[in-house]
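Trainee: What follows is a predicted protein model with its sequence.
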Amino acid sequence: MPLDRTLRYGMVGGGPGAFIGAVHRRAAALDGLTNLVAGAFSSDPDKSAQQGRALHLDPDRVYGSYQEMAEQEAALPEDERIDFVSIVTPNFLHFDVAKTFIEHGFHVICDKPMTTTLEDAETLCHLVDEHDAVFCLTHNYTGYPMVKQARAMVQDGTIGEVRKVVVEYPQGWLAERLEAQGDKQADWRTDPDRAGAGALGDIGSHAENLARYVTGLGMDRLCADVGTVVEGRGIDDDANLLVRYENGARGVLYCSQISVGEENDLRLRVYGTKAGLDWRQEDPHYLVVKRNGAPRAVYTHGNDYLSDAAQHNTRIPAGHPEAFIEAFANTYANACRTIAAHLAGEPPDPLDLDFPTVQDGAVGMHFIETALASGEQDAAWVDASYTPPGA
């Protein structure tokens with residue numbers, strides 16, 4: 001039988017003043033599949049308690065540390081403890097928190113990048129397999145219906161064999177040294193000890209994941225011009241890559257946080273032997289299909305001509321906009337339904353398995369480390385091929 005209740009989850013991170021924690025909470029709540037019942041929202045117990053009060057949680061389920069939370073939740077009866085943890089801390093904590101909760105018997109939904117080193121990412125791959133855990137990595141841009149339609153059109157041969165991939169993610173918010181002005185988000189995202197990598201980890205990982213999700217292609221080789229443009233910054237804020245994919249396709253990947261005037265203009269173009277695809281995150285309701293000698297076709301969400309995956313991740317009829325929170329919620333909904341099936345001892349719906357996994361996290365870390373290594377060698381071509389444990 002299907003699980004006859006909503007899931008219970010706890011959150012690590014996402015305390016007062018945090019950005020991404022609130023996004024995760026909204027996304028998790030959208031479909032009514034889960035309830036937030038516990039949290040260790042800050043490394044400062046007072047701030048954690050403050051956030052717990054703001055969320056109207058039972059004070060006994062608001063913890064001063066993630067270690068305390070994992071131990072005490074695991075000690076609760078099965079009908080009370082959390083089913084999974086949502087990890088929304090700065091990057092350097094992802095590995096320790098995920099490892100702790102997996103070892104205490106919990107499933108995990110984690111923000112990206114998954115870790116700050118490939119070694120830690122591969123350790124998590126082994127732990128997930130060892131403990132039979134469901135692990136979801138929130139590369140939320142794969143949750144957009146029209147991204148799933150693009151993927152389906154690559155898979156069914158609509159565009160032919162992929163020859164060229166162009167993916168870009170420009171932002172401009174770090175064009176000035178905000179970290180020196182007390183900006184909380186800039187402070188940790190530009191700290192190598194807490195972030196691991198800068199633009200490559202924060203948004204380059206999204207670009208790599210989106211291109212791989214849609215095309216199904218891993219990288220074979222790359223050369224990366226990785227730079228720190230803003231004087232005094234200790235981490236990369238701009239990167240430009242040439243890529244050779246495993247099928248021989250050529251690619252360009254550009255990520256930048258110093259492109260003045262840009263907001264979150266993630267864009268993917270995929271060119272095959274028959275047609276090309278064009279999708280932009282800032283105008284996500286449309287997928288443009290281009291062919292030589294023919295009018296451009298524009299696909300929109302909410303229509304029954306779309307793929308099963310696109311329809312599975314659409315909530316409302318055509319013409320009514322769905323956007324960032326809904327795409328994020330699709331990732332949560334698919335992961336939550338998979339966790340529920342796991343708890344009920346049933347196989348999940350194959351369409352619900354459509355979310356980024358721990359292996360995607362390892363691939364992302366390999367990409368980041370490989371790009372940084374190429375940058376350190378003055379944009380030398382380097383081997384980018386990789387198969388994560390368990391793939």
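Mentor: Looks like it arrived, so ask away.
Trainee: Next one: R233 from P192, what distance?
Mentor: Plainly put, R233 is 10 Å away from P192 if you go by C-beta to C-beta, to the nearest Å. C-beta here means a position set from N, CA and C on the backbone, and glycine is covered the same way.
Trainee: what's the overlap in contacts for the two?
Mentor: Listed as contacting both R233 and P192 by C-beta atoms under 8 Å, 6 or more residues apart in numbering are G198.
Trainee: The two: which is more packed in?
Mentor: Each of R233 and P192 has its neighbours counted (other C-beta atoms under 10 Å); R233 has more, 20 against 14.
Trainee: mind listing what the more buried one touches?
Mentor: Per C-beta under 8 Å, 6+ apart, neighbours of R233: L174, R177, E179, T190, G198.
Trainee: Between all of these, which two are separated the most?
Mentor: Spatial extent of those (C-beta to C-beta) is set by the pair R177 and G198 at 12.5 Å.
Trainee: So for the two, which residue has more residues nearby?
Mentor: A count of neighbours by other C-beta under 10 Å puts G198 above the other of R177 and G198, at 26 against 15.
Trainee: Need the per-residue pLDDT for T314.
Mentor: According to the prediction, T314 has pLDDT 96.
Trainee: so how far is D183 from it?
Mentor: 36 Å.
Trainee: Check the burial of Q181 by counting its neighbours.
Mentor: Count around Q181 with other C-beta under 10 Å applied: 9.
Trainee: my bad, S385
Mentor: Around S385 there are 12 residues (other C-beta under 10 Å).
Trainee: And for the one 4 residues further on?
Mentor: The criterion is other C-beta under 10 Å. On that basis, P389 has 15 neighbouring residues.
Trainee: all helices of this structure, in order?
Mentor: Taking DSSP state H as the test, the helices found in the chain are 20-29, 45-54, 66-75, 94-103, 118-130, 145-155, 184-189, 192-195, 199, 205-215, 308-312, 324-344, 358-376.
Trainee: Mind splitting this protein into its structural domains?
Mentor: 7-141+334-356, 145-317+361-383 (automatic domain parsing).
Trainee: Endpoints of the first one, how far apart?
Mentor: In this case it means domain 7-141+334-356. From its first residue to its last, domain 7-141+334-356 covers 20 Å (C-alpha to C-alpha, to the nearest Å).
Trainee: picking up where we left off before, please say which of T314 and D183 ends up with more neighbours.
Mentor: T314 (22 against 16).
Trainee: any idea how far D278 is from the more buried one?
Mentor: Distance from T314 to D278, by C-beta to C-beta: 20 Å.
Trainee: K290 too?
Mentor: 7 Å.
Trainee: Compare these two (neighbour count), which wins?
Mentor: Taking other C-beta under 10 Å, K290 and D278 do not tie; D278 has more neighbours (18 against 15).
Trainee: residues of stretch 35-49 that come out buried?
Mentor: Neighbour-count burial for stretch 35-49 flags L36, V37, A38, G39, A40, F41, S42, K47, S48, A49 (criterion: 16 or more other C-beta atoms under 10 Å).
Trainee: same question, stretch 296-310
Mentor: Y299, H301, G302, L306, S307, A309, A310.
Trainee: How far does that stretch sit from its chain's centre?
Mentor: Relative to its chain's centre, stretch 296-310 lies at 23 Å (C-alpha atoms, centre = their mean, to the nearest Å).
Trainee: One more: stretch 251-270?
Mentor: Distance, centroid of stretch 251-270 to centroid of chain: 16 Å (C-alpha atoms, centre = their mean).
Trainee: Please spell out which residues along that stretch are buried.
Mentor: Neighbour count says stretch 251-270 has 251, 253-259, 262, 265-270 buried, by 16+ other C-beta under 10 Å.
Trainee: Max pairwise distance over those residues: which two?
Mentor: I258 and V270, at 26.4 Å, using C-beta to C-beta across the buried residues of stretch 251-270.
Trainee: pretty sure G218 contacts D360?
Mentor: No. Counting by C-beta atoms under 8 Å, G218 stays clear of D360, with 11.1 Å between them.
Trainee: Determine which member of those two has the greater number of neighbouring residues.
Mentor: D360 (25 against 18).
Trainee: pLDDT at the more buried one, what is it?
Mentor: Listed pLDDT for D360 reads 98.
Trainee: do the same with M1
Mentor: For M1, the pLDDT comes out at 54.
Trainee: And A211, by the same measure?
Mentor: 98.
Trainee: can you pull out the strands in the stretch 151-300 of the chain?
Mentor: 162-170, 219-227, 238-245, 250-256, 267-272, 276-280, 286-290, 297-300 (DSSP state E, counting those that start in this stretch).
Trainee: The last one pairs with which strands?
Mentor: According to DSSP bridges, strand 297-300 has the following sheet partners: strand 286-290 (antiparallel).
Trainee: Could you pull out the buried residues of the partner strand?
Mentor: For strand 286-290, a neighbour-count test (16+ other C-beta under 10 Å) marks L287, V288, V289 as buried.
Trainee: again with stretch 277-286
Mentor: For stretch 277-286, the neighbour count (16+ other C-beta under 10 Å) marks L277, D278, W279, R280, Q281, P284, H285 as buried.
Trainee: Kindly report the same for stretch 179-188.
Mentor: Buried-residue list, stretch 179-188, by 16+ other C-beta under 10 Å: E179, D183, A186, D187, W188.
Trainee: I'd like to know how many residues surround T190.
Mentor: T190 - counted by other C-beta under 10 Å - has 27 other residues nearby.
Trainee: ok, now E71?
Mentor: E71 has 13 nearby residues by other C-beta under 10 Å.
Trainee: how about the nearest residue to it, chain neighbours excluded?
Mentor: H104 (7.0 Å; C-beta to C-beta, 6 or more residues apart in numbering).
Trainee: hmm, back to that, could you identify the most distant pair in the buried residues of stretch 179-188?
Mentor: Pairwise over those, using C-beta to C-beta, the maximum falls at D183 and W188, 9.9 Å.
Trainee: No further queries at this time; thank you.
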